[in-house]
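> Quick one, what's the 3D model for this:
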Amino acid sequence: MPCFKGIAVSIHANGAPLPEYGIQKQSRFSRISTYIPVPPPQIQAASNKPEPARFAISITLLTPGLPIPYSTPKPTESNPKPKPEYVGNLPSANEGPKIGSVAPYIAMTTSPHETIAAYIYFDGRVKEEVATLLRPGEETWVNSRWVQVPESEGGGLAEREFLFREVGLERWLNGLDLQGDDAQAKLERRRKKFEKRRRRQRAEAGVPEPSQKDANGSSRDVLRYGADDTSPLQAVFDEDSDSSSDDDEPPEATGQIKVSMFRVLASGEIKKGEYSPQFDAHDDDDDLGTAAQDGANSLSLDADVEHTTSFAKPKTLDPSTISTQTVTGIDGPDKPYATFTFFYRGERT
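Numbers count the residues shown, from 1 in each chain. Have a look, this model is predicted:
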């Protein structure tokens, strides 16, 4: 990630996209997954208490010639005015994507109304937290759940921002340590295993190994964000896997953000100020439990803790600022066009 099948997705906190580790791409299932570190809480000067990290999800439907979001390196002495990377052209009947470029979204129909509906799920829950419609070439931000305020509290719409919240060790997250010698060894083993699988698949298909030039530039359908500010985007090559081992397929449970993409025809009327919230303003407050709140309030910054997604207190939302549109689905409800999964855990010290 963030670029896969013509869509860019990234998780942001503290004003920047979070780096991604241990990425896996499964082309035959249209799935891609990665691990992200949860930023540490910010200590509030007034109260001296930690404030859980807020996060937002950025989604862009890539179009030809579009600058790839957040692909511009930081300026250096040798490159004081760096340029972003750009999305390539649509492939023609006679030639494939331009070498060194990222392929744009390729529409299934000839309708100008075709686009993507994105459904966002947290922690293996069956019900989506929010669904949004993408506009080609425009970055869409999702950072909150819309909720209905009870009439006893004034009624109306409100939003609850997304949070990472620390919880107790009794709910330990099955995931990948992002730091330490053991983590690096695990990542290296995974890389070697994928490389071996890739070579075997190429040999079985009679496909020659790519040249060094190809490995550096031609297979760039998938990119991820790294921690290198001078080269924020890094290519990820196709390591298609149908393995179901624990190492390859982390469970759908606590510790994940999933974004499912469905192709749709957005031909309905755009309605302003009309929305029926699926959630009450206080949904999930009880589910988080006292332990989660206590964990956030009494957090020790060097404690070994896990995390879960949570929601900030409701903020009043002006209904006139929202819009909805009826769409017709192209993909079946159980066959998304693409699925992005971010497995998260804290950076352990």
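> Without its sequence neighbours, what residue ends up closest to Pro75?
Using CB to CB, 6 or more residues apart in numbering and skipping the chain neighbours, the partner closest in space to Pro75 is Pro82 (6.0 Å). In this view, the C-beta of every residue, glycine as well, is placed from N, C-alpha and C.
> hang on, the one you found packs against Pro73?
Yes - between Pro82 and Pro73 a contact is recorded at 4.4 Å, counting by CB atoms under 8 Å.
> check contacts around the residue nearest to Pro75.
Counting by CB atoms under 8 Å, 6 or more residues apart in numbering, Pro82 makes contact with Thr72, Pro73, Lys74, Pro75, Thr76.
> if I look at Pro41, how far off is Leu163?
10 Å (CB to CB, to the nearest Å).
> Please read the previous query as pertaining to Thr326.
31 Å.
> low-confidence ranges in the stretch 51-200 of the chain?
Within the stretch 51-200 of the chain, the segments meeting pLDDT under 70 span 93-100, 168-200.
> repeat that with 50
169-179 (pLDDT under 50).
> Mind jotting down where the helices sit in it?
For the stretch 51-200 of the chain, applying DSSP state H, counting those that start in this stretch gives helices covering 181-205.
> Could I get the buried residue list for stretch 119-131?
Across stretch 119-131, burial judged by 16 or more other CB atoms under 10 Å covers Tyr119, Ile120, Tyr121, Phe122, Asp123, Glu128, Glu129, Val130.
> let me fix that: stretch 33-53
Ser33, Thr34, Tyr35, Ile36, Pro37, Val38, Pro39, Pro40, Pro41, Pro50, Pro52, Ala53.
> quick one on the thing from earlier: I'd like the buried residues of stretch 119-131 as JSON lines, with distance to Asn89 appended.
Shown next, in JSON lines, are the buried residues of stretch 119-131 (distance: CB to CB, whole Å):
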{"residue": "Tyr119", "distance to Asn89": "29"}
{"residue": "Ile120", "distance to Asn89": "30"}
{"residue": "Tyr121", "distance to Asn89": "33"}
{"residue": "Phe122", "distance to Asn89": "36"}
{"residue": "Asp123", "distance to Asn89": "39"}
{"residue": "Glu128", "distance to Asn89": "34"}
{"residue": "Glu129", "distance to Asn89": "35"}
{"residue": "Val130", "distance to Asn89": "33"}
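> In strands, which of those appear?
Counting by DSSP state E, the members of the buried residues of stretch 119-131 that fall within strands are Tyr119, Ile120, Tyr121, Phe122, Val130.
> which pair in those residues spans the largest distance?
The span of these, defined through CB to CB, is set by Tyr119 and Phe122 at 11.3 Å.
> hang on, the earlier thing: please identify which of Thr326 and Leu163 sits among more neighbours.
Neighbour count, other CB atoms under 10 Å: between Thr326 and Leu163, Leu163 has more, with 19 against 12.
> Quick check: beta-bridge partners of that one?
Arg54, Ser310 (DSSP bridges).
> I'd say it and Gln42 touch.
No - when contacts are counted by CB under 8 Å, Leu163 is not listed as touching Gln42 (11.7 Å).
> what touches both of those two?
Ala53.
> How much space separates Ser33 from Pro69?
20 Å.
> do the same with Ile330
Ile330 is 25 Å from Pro69, by CB to CB.
> out of these two, which sits in the more crowded spot?
Pro69 (21 against 18).
> Can you give the contact residues for stretch 143-155?
When contacts are defined by CB under 8 Å, 6+ apart, stretch 143-155 is touched by residues 54-57, 129-130, 156-162, 275, 277, 279-283, 311-312, 314, 316-317, 322.
> Verify the stated contact: Lys313 with Glu159.
No - look at Lys313 against Glu159 with CB under 8 Å: they stay out of range, at 10.3 Å.
> Look at these two and report which has more neighbours.
Between Lys313 and Glu159, counted using other CB under 10 Å, Glu159 has the larger neighbour count: 19 against 10.
> which residues sit in contact with that one?
For Glu159, the contact set (CB under 8 Å, 6+ apart) comprises Ser144, Arg145, Trp146, Val147, Pro314, Lys315, Leu317.
> From Gln24, how far off is it?
33 Å.
> distance of the spatially closest residue to Thr324 that is not a sequence neighbour from Gln325?
Leaving aside its chain neighbours, Thr324 sits nearest to Lys271 (5.2 Å; criterion: CB to CB, 6+ apart). Lys271 is 7 Å from Gln325, where distance means CB to CB.
> try Gly22
From Gly22 to Gln325 the distance is 37 Å (CB to CB).
> same question, Val9
When distance is defined by CB to CB, Val9 is 21 Å away from Gln325.
> Which of these two has more residues huddled nearby?
Neighbours were counted for Val9 and for Gln325 using other CB under 10 Å; Val9 has more, 25 against 15.
> Now a ChimeraX select for only the buried ones of the contacts of Pro82.
Remark: buried members of these, expressed as a ChimeraX selection using 16+ other CB under 10 Å:
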select :73
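> Quick one: the contacts of Pro82 as CSV, columns for distance to Gln234 too.
As requested, these are exported to CSV (distance: CB to CB, whole Å):
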residue, distance to Gln234
Thr72, 14
Pro73, 12
Lys74, 15
Pro75, 19
Thr76, 17
